[in-house]
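Undergrad: Would you be able to build a 3D model of this:
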Amino acid sequence: MTARHSRTLEQSGLLAELVPDTFGASGVTLEIGGEAQSHVYPAAPEEVLYDYVRRIANAADLVAEAHAPIRVLHLGAGALTLARYISATRPGSQQFIIELEPGLVDFVLEHLPLDANDDLTLRVDDARTGLRWAAASAPFDLIVSDVYVGSSTPPHLKTTGFYEELTGLLAPQGVVAVNVADDNGLAAVRSQADAVRRAFSLVAVVGPTALTDQLREGNAVILGSAGQHMLAWLPQLKAAGPHPSGLVRPHELATFIGDAVAATDARG
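TA: Numbering: from 1, shown residues only. Have a look, this model is predicted:
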């Protein structure tokens, strides 16, 4: 894609734009309301630019035997970067997407179509309300929560109750991966990590070392699982990068969270 394309989104009224890379690469950035939301290399979906997406992609590589198809639920569509990655690296995977914004996926696919063999099913719905629809296709090996309205995640998608609902949709060794963008101090990351640990028996956080070790701003990926398989591959996940690669292990989580407290549905 060489030209910029745009569409006004029905739900938010914001302008969605697909912007080709200007630095000689063949990638495209999806911007919504002037903010970059996702980036994709349409001709090379196994390549990933954004740090946090690469970390989730690395986790997707480890949740099951290499190249084996998996079942994935995506909360939030973006430019379908991770869905394209999984289809390319795990052929035959079944993927389900819940996206609130009507027309966003159609807009993206009009200009950045999927491969004919990709198996994706879309539901236009609120990410939490749509879990009832997703339950018919459970259990999932991986659930990815990456939902933003502007620069923030809706409050009802950050609570202990929300994560408890996800536990019932996962396979026994399934993993939930949550993207959280935050400022210095990581108040939001630590609060959501507390929410995830109240729902899952095994929780870890990955991100740049400045984030995990010094609570510096950035994107954290919180990983939760009810099974123990994740514990075995966390060292591989850290080694896979991007570097410098930080990891908050399950036994370090309480110190990382500190005095942060999970939001609940009652108090938000």
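
Undergrad: could you list every residue that touches the nearest residue to V205 once chain neighbours are set aside?
TA: Counting by Cβ to Cβ, 6 or more residues apart in numbering, V248 is the residue found nearest to V205 once chain neighbours are left out, at 4.0 Å. C-beta here means a position set from N, CA and C on the backbone, and glycine is covered the same way. Neighbouring residues of V248 by Cβ atoms under 8 Å, 6 or more residues apart in numbering: A193, A204, V205, V206, T212, F256.

Undergrad: partners of the helix or strand harbouring the third one in the sheet?
TA: If I follow you right, that is V205. According to DSSP states H and E, V205 maps onto strand 202-208. Partner strands for strand 202-208, per DSSP bridges, with pairing direction: strand 218-225 (antiparallel), strand 245-248 (antiparallel).

Undergrad: Packed most tightly, which of these would that be?
TA: Counting by mean count of other Cβ atoms under 10 Å, strand 218-225 has the highest mean neighbour count of these, with a mean of 25.

Undergrad: and it, how far from the chain's centre?
TA: From the chain centre to the centre of strand 218-225 is a distance of 9 Å (Cα atoms, centre = their mean, to the nearest Å).

Undergrad: still on that earlier bit, could you list the residues in contact with the strand holding V205?
TA: Strand 202-208 has contacts (Cβ under 8 Å, 6+ apart) with 51-52, 55, 59, 189, 193, 196-197, 212, 216, 218-228, 230-231, 234, 237-238, 242, 244-250, 253, 256.

Undergrad: one more time with 7 Å
TA: In this structure, residues lying in contact with strand 202-208 by Cβ atoms under 7 Å, 6 or more residues apart in numbering are 51, 55, 193, 196-197, 212, 218-225, 228, 230-231, 234, 237-238, 244, 246-250, 253, 256.

Undergrad: Stretch 166-176 too?
TA: So stretch 166-176 is contacted by 59, 63, 73, 131, 134-135, 138-143, 145, 199-200, 223-227, 229-230 (Cβ under 7 Å, 6+ apart).

Undergrad: hey, where'd the helices end up in the stretch 51-200 of the chain?
TA: All helices of the stretch 51-200 of the chain, identified by DSSP state H, counting those that start in this stretch, fall at 51-62, 81-89, 104-111, 131-134, 160-167, 187-199.

Undergrad: closest to S38 out of the ones you listed?
TA: S38 sits nearest to helix 81-89 of all these, at 5.1 Å, using Cβ to Cβ.

Undergrad: buried sites along the closest one?
TA: The neighbour-count check on helix 81-89 (16 or more other Cβ atoms under 10 Å) flags T81, L82, A83, R84, Y85, I86, S87 as buried.

Undergrad: Likewise for stretch 153-166?
TA: Under the neighbour-count criterion of 16+ other Cβ under 10 Å, stretch 153-166 has T153, L157, K158, T159, T160, G161, F162, Y163, E165, L166 buried.

Undergrad: hmm, back to that, now tabulate the strands paired with strand 202-208 in JSON lines and tack on mean pLDDT.
TA: Converted to JSON lines, the strands paired with strand 202-208 look like this (pLDDT from 0 to 100):
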{"stretch": "strand 218-225", "mean pLDDT": "98"}
{"stretch": "strand 245-248", "mean pLDDT": "98"}
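
Undergrad: Adding distance to I97, write the ones you listed out as JSON lines.
TA: Output for the strands paired with strand 202-208, formatted as JSON lines (distance: least, Cβ to Cβ, whole Å):
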{"stretch": "strand 218-225", "distance to I97": "19"}
{"stretch": "strand 245-248", "distance to I97": "28"}
